[in-house]
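Enquirer: Any chance you could fold what I've pasted below:
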Amino acid sequence: MSTPLLTVRGLKAGYGGAPVLFGVDLCVPRHGALALLGRNGMGKTTTIRTLMGLLPARAGAAELDGARLTGLPPHKVARAGLGLVPEGRQIFPTLTVEENLVATAMAPRAGLPAWTLERVYGLFPRLGERRRHYGNRLSGGEQQMLAIGRALMTHPRLLILDEATEGLAPLIREEIWSVINTLKGEGLSLIVIDKHIGALTRICDTVAVMEKGRVIHAGPATDFAADPELAGRLLGV
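Expert: All right, here's what the predicted structure looks like:
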């Protein structure tokens, strides 16, 4: 078995004097996908913010292909190969679709196919149709497409989607899941946070469940999907 692309060991972080993460351990398979699950307030977004350098780690380490990420500022984390689709999308409302896509774009990585505007528009034809529209004129689904496209333009080695389909209509949600599955099929590694467990376990290879700032379960997604009692016990579903 190949070594994981991302390895997280003993990660601790918090806000002010309040600790939130108490030693998170995670692995993301190379060319694979991890579903990060847990009820609200259990530390999923804090984990992502710490990985991205938006929140300083108090202890522990995260490595991408053996290179240390902890301690790096966000722009260097992005340069190392982590791309983020944040909760709430956070697109630039007064820039056009095309301006959003190029605003944070990075140069292609050696050995990886380049993400271009036309490639993003091929993935999301609706964005191509609205390339001159401002961000605040897009629907919620279009904004999520734009947030994914913007992250892809940074040429990530690992794409993180925080609440991948939150608040989206069912048809748009299925379109987003289809795109995520396509990206995984192209070999992009992924961390996906979402409440739709069925879709996550169909796409992802592994599952990690967080509770009170710790990972309390990690294993194959197929095993998790085959054991509804386990999901009910860990997630209260």
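Enquirer: Dihedrals phi and psi, Lys212?
Expert: The phi and psi values for Lys212, taken as degrees, to the nearest 10, are phi 50, psi 50.
Enquirer: Surely it and Phe22 touch.
Expert: Yes: look at Lys212 against Phe22 with Cβ atoms under 8 Å: they come within range, at 7.3 Å. (Each C-beta comes from the backbone N, C-alpha and C, glycine too.)
Enquirer: Between these two, tell me which one has more neighbours.
Expert: The residue with more neighbours, out of Lys212 and Phe22, is Phe22; 16 against 13, by other Cβ atoms under 10 Å.
Enquirer: center of the protein, which residue is that?
Expert: Ile160 (1.5 Å; Cα atoms, centre = their mean).
Enquirer: tell me which residues of the lengthiest helix in the chain are tucked away?
Expert: When the chain is parsed with DSSP state H, its longest helix is helix 170-185. Residues of helix 170-185 classed as buried: Ile172, Arg173, Glu175, Ile176, Trp177, Val179, Ile180, Asn181, Leu183, Lys184 (neighbour count, 16 or more other Cβ atoms under 10 Å).
Enquirer: so where does the residue nearest to the centre of the chain fall, helix or strand?
Expert: Ile160 is part of strand 158-162, with elements assigned from DSSP states H and E.
Enquirer: hang on, the earlier thing: now do the next helix or strand after the longest helix of the chain: which elements does it pack against?
Expert: Downstream of helix 170-185, the first helix or strand assigned by DSSP H and E is strand 189-193. If contacts are counted by 3 or more Cβ pairs under 8 Å, 6 or more residues apart in numbering; DSSP states H and E, strand 189-193 sits against strand 18-28, strand 33-37, helix 44-51, strand 158-162, helix 170-185.
Enquirer: if I've got this straight, Lys12 is in a strand?
Expert: Yes: the assignment for Lys12 is a strand, going by DSSP: H, G, I helix; E, B strand; the rest coil.
Enquirer: Please name the residues that touch it.
Expert: Contact analysis of Lys12 by Cβ atoms under 8 Å, 6 or more residues apart in numbering lists Pro19, Leu21, Phe22, Gly23, Val24, Ala57, Arg58, Ala59, Gly60.
Enquirer: With respect to His196, which of these is nearest?
Expert: Closest approach to His196 among these (Cβ to Cβ): Val24, at 22.7 Å.
Enquirer: Who are the contact partners of the nearest residue to the closest one once chain neighbours are set aside?
Expert: In this structure, Val24 finds its nearest non-sequential neighbour in Leu11, 4.2 Å apart by Cβ to Cβ, 6 or more residues apart in numbering. Neighbouring residues of Leu11 by Cβ under 8 Å, 6+ apart: 21, 23-26, 47, 50-51, 57, 59-62, 70.
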